[in-house]
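> Below: sequence and its predicted model.
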Amino acid sequence: MARGRKFRSTRRIPDTERSLFEQKLTGRYTRTLDRTDLLGLIRGGEDTHLEFKIRLVNTEKVVAEIVALANAGGGAIIFGVNDQRRVEGLDNPEQVEEQLIDICRNQIKPPLFPRIDKVSFDTGTRIVVLQVDDRRAPHQTPDHRYYIRIGSTKREAEGAEIAALFARSRVASLEDMPLVTAAVEDVDEALVWSYIRDLEGETFREPDGFPTAVAMRDLRLAADYGGSIAPSLAGFLLFGRSAAVQQIVPQSQITLTRFSGKDTASPVVERAEFCGNVTRLFDNALFFLKRYVDLWDTRPPRAAGNGEGDKQAPIPARANYSRCAVIEGLTNLLVHRDYSIVGSSARVLIFDDRLELINPSRTNGTTRKSIELGATEHTNPRLHHVFTSDEYGIERAERGIPALRRAHHAIARREPRISLLGDEFRLELYGV
C-alpha cells in the first residue's frame, strides 16, 4: 500500500462488494475498505499517492497514471470522483474493473497485480478503487516510457530519474535500462559490427546497410523507447563513443594514482583519470599499470628486478604481480561496479608493495567468503558476458575470484585481501 496513506482494515464489516480481481486470482474474499476512511481520503484531495478519475475513457492516459503511481511508491486511483472531490459514481463499475485488469496485466511492463475494489454508498452511488504497490517497479508503458509522480501530477522520467528507479529496485537490471539521453549515433558502429562479425564468423550474413540499432537490439544491448531504439546502459558502456559516454555516464570514469610509498600519505608520483567506454578504460588503465609494475604468468626468479642502480631512484624497483590476477581485478573493477552510484569513481592505487582496486558497489548482504568462493550473483551479467568474450578483443585471463586468488597466490605466496566497506568493494594485490 502507499507510503503515508493506508486503506486500513477495521473490525467493522462495511457494505462493500467483492473484489473481482482478487476473486479471479485466489477465489477468496478481498480485505474490504471502510467507507468512512475512504471518504476521509477523498476529502484530503489528490497527492503523490492518490489520484481521482471521473471515468475511464482515455486508456493510454490511465496506463501512464498507473505506471507513475507504481513508480512513485504505490497508492490508489479512485474512479468516479472528480477533481473537486465530488463523488459522482460510475454507471458500470464491473466494466471499469475488467478494463483495469486488462491494463495492469497486458499494457504495463512488468505486469501489475493490483487490488481492485467496488464500493457502494447508501445513495446507490458506486465507485472503483485501484490500489497498486511498488514491489515490481520500475514499470513502463507499452511504448517503453517511464513515468513518475511529483505531487499530484505525473511526468515522463528523465535518464537520471530512470536510473534511480532501477537503483531502488534491482541493481542487476540497471544495465538493461535504455539510456533515453543517448542515441545510436553516439555508438561506435565499427566496434559493434567488428564484434558481430567475429561472433558469427563464416555464418555472418547481415546485408550492407543493416541498421546498427536493430543489431544492438538483437544483442539485447538496446531497447525500444517511444518511436526509436535507445542503447541500454550495458550497450552504451561497451560500444559508446568515448566522448558521449563521458558526457552521459560520467560516473563510469576510472582514476589511477601511483604513490611513492606504502600509503596515501606518500607523495603522488602520477595520477591519471580516464573516461570513455570500457574498452578505452581497460586499455588505458592497463597501460598505466604497466608503467609501474611487471606482470608475470609464473612466479619470477628471485633475482628478478632492476639491480643495485635502482636504490638511487625516487621509488623502489618495480614490483611483480600475477598478470591473470591484475587483469581479472581490472575486469571486475569495470564490469561489476554499481553504475547507479554517482559521485564515486572506480580507483586504482599503486603503492611500493601492493595494488588496491576500489570499486563502488552495494553489498546487498553479500559476504566476503561468498565472494572468495565465487558464489555471488554478478552485477551487470550482460556487460560481463560481452566484455570477457574472445570476440570483444580485450586481453583475457582466467575468470572469477577463485581463479584470481589462485593466480595471485602462485606469484605472491599469499592471499589477496578482499574487503567490503560501506558502498565499496576493495581488492588488494601484493607484489614481490
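Arrived safely.

> In the stretch 151-300 of the chain, mark out all the strands, start to finish.
153-156, 222-225, 228-231, 254-259, 268-274, 293-296 (DSSP state E, counting those that start in this stretch).

> Quick one: the ones you listed as CSV, columns for mean neighbour count and mean pLDDT too.
For every residue, glycine as well, the C-beta is placed using N, CA and C. Formatted as CSV, the strands of the stretch 151-300 of the chain follow (neighbours: other Cβ atoms under 10 Å; pLDDT from 0 to 100):
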stretch, mean neighbour count, mean pLDDT
strand 153-156, 15, 88
strand 222-225, 20, 82
strand 228-231, 22, 87
strand 254-259, 20, 96
strand 268-274, 14, 95
strand 293-296, 18, 94
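
> right, so of the ones you listed, which gets closest to residue 118?
The closest of these to residue 118 is strand 153-156. By Cβ to Cβ, the value is 24.6 Å.

> Which strands and helices lie in contact with the closest one?
Judged by 3 or more Cβ pairs under 8 Å, 6 or more residues apart in numbering; DSSP states H and E, the packing partners of strand 153-156 are helix 59-71, strand 147-150.

> just these: most buried one?
By mean neighbour count, with neighbours taken as mean count of other Cβ atoms under 10 Å, helix 59-71 ranks first of these at a mean of 21.

> which residues are in contact with it?
Under the contact criterion Cβ atoms under 8 Å, 6 or more residues apart in numbering, helix 59-71 has outside partners 49, 51, 53, 56, 75-77, 99, 103-104, 107-108, 112, 114, 130, 132-134, 136-142, 145-149, 154-155, 157, 165.

> Can you say which of those residues are buried?
Buried members of those, counted by 16 or more other Cβ atoms under 10 Å: 49, 51, 53, 56, 75-77, 99, 103-104, 107-108, 112, 114, 130, 132-134, 136-141, 145-149, 154, 157, 165.

> what's the span of stretch 351-362 from first residue to last?
One end of stretch 351-362 sits 26 Å from the other (Cα to Cα, to the nearest Å).

> Quick test: name the residue nearest the centre of this protein.
Of all residues in the chain, the one closest to the mean position by Cα atoms, centre = their mean is residue 174, 1.7 Å from it.

> how much space between that one and residue 41?
Distance of residue 174 to residue 41, computed by Cβ to Cβ, to the nearest Å: 35 Å.

> what does residue 415 give?
For residue 415 relative to residue 41 (Cβ to Cβ), the value is 59 Å.

> you'd agree residue 388 is up against residue 334?
No: counting by Cβ atoms under 8 Å, residue 388 sits too far from residue 334 to count as a contact (10.5 Å).

> more crowded one of the two?
Shown here are residue 388 and residue 334; by other Cβ atoms under 10 Å, residue 334 has more neighbours (23 against 15).

> Check whether that one sits in a helix, strand or coil.
At residue 334, secondary structure determined by DSSP: H, G, I helix; E, B strand; the rest coil is helix.

> That one against residue 254, yeah?
Yes: using Cβ under 8 Å, residue 334 is in contact with residue 254, at 7.3 Å.

> list residues touching both of those two?
With Cβ under 8 Å, 6+ apart, residue 334 and residue 254 have common neighbours 281, 346.

> Could you verify my assumption that residue 52 touches residue 78?
Yes: the pair residue 52 / residue 78 is scored as a contact, 5.5 Å apart, by Cβ under 8 Å.

> Overlap of the contact sets of these two?
Common contacts of residue 52 and residue 78 (Cβ under 8 Å, 6+ apart): residue 42.

> one step back: so can I have a markdown table of the strands of the stretch 151-300 of the chain showing distance to residue 87?
Below are the strands of the stretch 151-300 of the chain laid out as a markdown table (distance: least, Cβ to Cβ, whole Å):
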| stretch | distance to residue 87 |
| --- | --- |
| strand 153-156 | 22 |
| strand 222-225 | 39 |
| strand 228-231 | 42 |
| strand 254-259 | 59 |
| strand 268-274 | 60 |
| strand 293-296 | 74 |
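
> mean confidence score for stretch 240-253?
Stretch 240-253 shows a mean pLDDT of 92.

> let me fix that: stretch 100-118
Mean per-residue pLDDT for stretch 100-118: 87.

> Could you export that stretch as PDB, CA atoms only?
Extracted in PDB, the C-alpha atoms of stretch 100-118 (Å, rounded to 0.1, in the frame of the first residue of the first chain):
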ATOM      1  CA  LEU A 100      -8.300  -2.100 -15.200                       C
ATOM      2  CA  ILE A 101      -7.500  -5.800 -15.000                       C
ATOM      3  CA  ASP A 102      -6.600  -5.900 -18.700                       C
ATOM      4  CA  ILE A 103      -4.500  -2.700 -18.400                       C
ATOM      5  CA  CYS A 104      -2.500  -3.900 -15.400                       C
ATOM      6  CA  ARG A 105      -1.900  -7.400 -16.900                       C
ATOM      7  CA  ASN A 106      -1.300  -6.600 -20.600                       C
ATOM      8  CA  GLN A 107      -0.400  -2.900 -21.000                       C
ATOM      9  CA  ILE A 108       2.100  -2.400 -18.300                       C
ATOM     10  CA  LYS A 109       5.600  -3.900 -18.200                       C
ATOM     11  CA  PRO A 110       6.300  -5.700 -16.000                       C
ATOM     12  CA  PRO A 111       2.600  -6.500 -15.200                       C
ATOM     13  CA  LEU A 112       1.000  -5.100 -12.100                       C
ATOM     14  CA  PHE A 113      -1.100  -7.100  -9.600                       C
ATOM     15  CA  PRO A 114      -3.300  -4.500  -8.000                       C
ATOM     16  CA  ARG A 115      -6.200  -4.600  -5.600                       C
ATOM     17  CA  ILE A 116      -9.500  -3.500  -7.200                       C
ATOM     18  CA  ASP A 117     -12.500  -2.800  -5.000                       C
ATOM     19  CA  LYS A 118     -16.000  -1.700  -6.000                       C
END
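
> and this protein, what are its domains?
20-157, 184-247, 251-430 (automatic domain parsing).

> Reformat these as CSV; add distance to residue 178.
As requested, the domains of the chain are exported to CSV (distance: least, Cβ to Cβ, whole Å):
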stretch, distance to residue 178
domain 20-157, 7
domain 184-247, 4
domain 251-430, 13
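
> Find me the pLDDT at residue 78, would you?
Residue 78 is assigned a pLDDT of 92 by the prediction.

> Please identify the helix or strand for it.
Assessed by DSSP states H and E, residue 78 sits inside strand 75-79.

> Of the helices and strands packed on strand 153-156, which is nearest residue 406?
Closest approach to residue 406 among these is made by helix 59-71 (44.6 Å; Cβ to Cβ).

> what stretches of the stretch 1-150 of the chain score poorly on pLDDT?
1-34 (pLDDT under 70).
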